[in-house]
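Trainee: Sequence first, then the predicted structure:
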Amino acid sequence: MPLLYAIPPGLEALVSSGQAQLVGAIIKDVSSGQILGHVQQTQGFVSALIQAGGAAAQSGFSPLGVVGIVQNEQIKSSLNKLQEGMALLENLQFANMALTGIGIGVSVAGFAIINMRLNAIENHLGTLREEVREIGKLIQEAELRRLFSEIRAALKDLDSAATRTDHRGLATTLQRELSTHVSTLSDLLREAMNPGEATSLPRARLDLIWTLSSAKWLCEEAELRTLFISEDLGHASDYAAYYLDDNLRCLNQLNPDSLARLVAASEKDLTASISLRRDAAGRLARIAEGFACAVNNLGQQQSLARALVDGQVSGRAFIQAASAETKSPFILVTPER
């Protein structure tokens with residue numbers, strides 16, 4: 001199975017004619033549904049996205065209250081040039097990538113970029129102390145800081161794992177650590193999403209849901225990367241499927257209408273309550289979009305892992321190739337003909 005840095009003319013013609021379509025990061029034949037290729041981001045794409053996307057893309061995370069329509073349109077506008085240079089990727093949601101930090105295929109961002117994303121998430125959690133106390137029966141503030149410290153240490157080791165002589169052992173250890181962190185964050189997220197017997201909720205609760213979700217997505221991406229590096233592609237596919245289902249469960253639990261009503265109930269004035277409910281509905285829609293983006297990316301990684309197994313391609317070599325490439329924005333994985 002070849003790793004291509006340019007679209008083969010035949011495949012490009014199929015996409016241009018509409019006979020093939022990019023679904024997420026998977027190129028499919030429209031009539032048969034056959035997979036014709038997988039698109040994987042490279043370090044070149046990560047750098048281009050950050051340069052084009054501005055502050056939101058640089059941090060890889062924006063507080064929910066900041067992720068407004070105006071900012072979204074600004075990001076879309078600034079990414080137009082990037083999109084025009086990649087005709088194959090014209091249907092990708094570049095703005096969502098800039099706001100959620102979720103990319104195409106397996107994450108290959110370096111530690112400096114991932115750490116900015118983690119710092120932004122952790123710092124914003126610090127502004128939500130009251131809401132964090134509400135889920136305090138699961139974790140205390142000091143424990144939350146320790147959790148992020150452990151995540152940061154794991155991500156730092158992951159940055160060089162693919163080039164280490166002990167890459168298998170290190171990646172396996174990191175996978176176990178990150179799996180534990182994902183489980184902890186999932187428990188916190190479910191607690192934050194559960195209003196219980198509450199008759200009203202502060203708007204900050206929605207921001208807490210978004211922030212914990214972002215941390216969860218980051219750790220899921222990192223864990224799957226460890227499985228590619230350790231050549232455990234079968235489990236990479238399995239874990240991607242498991243996390244896909246978990247994000248779907250979170251999406252189903254979200255119940256935007258109910259949560260928007262509870263947020264609106266915190267305001268006694270009718271006019272203000274209606275305005276608050278409308279604002280809450282918009283924020284919940286963005287949270288739902290984030291979960292949908294995560295589900296889409298996990299599906300890509302599940303399919304990609306299977307494709308590499310079928311093509312007898314090394315997961316570690318694949319990560320190294322994508323991480324080292326800075327000129328082409330993507331690698332195209334096509335099945336053997």
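Mentor: Perfect, thanks for sending it. Bear in mind that the values here come from a model prediction, so they are computed numbers and not experimental data. Numbers count the residues shown, from 1 in each chain.
Trainee: low-confidence ranges in the stretch 1-150 of the chain?
Mentor: Along the stretch 1-150 of the chain, segments meeting pLDDT under 70 span 1-7, 9, 49-102, 138.
Trainee: now with 90?
Mentor: Along the stretch 1-150 of the chain, the parts satisfying pLDDT under 90 run over 1-145.
Trainee: where do the strands sit along it?
Mentor: 3-4, 20-23, 26-29, 35-41 (DSSP state E, counting those that start in this stretch).
Trainee: Buried ones in the second one, by neighbour count?
Mentor: Same thing as strand 20-23. Judged by neighbour count using 16 or more other Cβ atoms under 10 Å, the buried positions of strand 20-23 are 20, 22. Backbone N, C-alpha and C define where each C-beta goes, glycine included.
Trainee: From the chain's centroid, how far away is that strand?
Mentor: 20 Å (Cα atoms, centre = their mean, to the nearest Å).
Trainee: so what does that strand touch, helix or strand wise?
Mentor: If contacts are counted by 3 or more Cβ pairs under 8 Å, 6 or more residues apart in numbering; DSSP states H and E, strand 20-23 sits against helix 9-17, strand 26-29.
Trainee: if we go to 6 Å?
Mentor: Under the contact criterion of 3 or more Cβ pairs under 6 Å, 6 or more residues apart in numbering; DSSP states H and E, strand 20-23 touches strand 26-29.
Trainee: Using PDB, write out every CA atom in the strand it packs on.
Mentor: What follows is strand 26-29, C-alpha atoms only, in PDB (Å, rounded to 0.1, in the frame of the first residue of the first chain):
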ATOM      1  CA  ILE A  26     -12.300   8.900   3.700                       C
ATOM      2  CA  ILE A  27     -12.600   9.000  -0.100                       C
ATOM      3  CA  LYS A  28     -15.500   6.800  -1.200                       C
ATOM      4  CA  ASP A  29     -17.000   5.800  -4.500                       C
END
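Trainee: Now the residue lying farthest from the centre of the chain, what are its backbone angles?
Mentor: For the chain, the largest distance from the centre (Cα atoms, centre = their mean) belongs to residue 269, which lies 37.9 Å off. Here is the backbone geometry of residue 269 (degrees, to the nearest 10): phi -70, psi 130.
Trainee: tell me the phi and psi of the residue nearest to residue 19 when sequence neighbours are not counted?
Mentor: Nearest residue to residue 19 in three dimensions, chain neighbours excluded: residue 30, at 5.8 Å (Cβ to Cβ, 6 or more residues apart in numbering). The phi/psi pair for residue 30 (degrees, to the nearest 10) reads phi -60, psi -40.
Trainee: Verify the stated contact: residue 30 with residue 21.
Mentor: Yes. Using Cβ atoms under 6 Å, residue 30 is in contact with residue 21, at 5.4 Å.
Trainee: Neighbours of the residue nearest to residue 19, how many?
Mentor: 14 (other Cβ atoms under 10 Å).
Trainee: cool, and residue 322?
Mentor: Counted with other Cβ under 10 Å, the neighbours of residue 322 add up to 25.
Trainee: Tell me which other helices or strands the helix or strand that contains it touches.
Mentor: Assigned by DSSP states H and E, residue 322 belongs to helix 315-324. Using 3+ Cβ pairs under 6 Å, 6+ apart, the elements in contact with helix 315-324 are helix 204-229.
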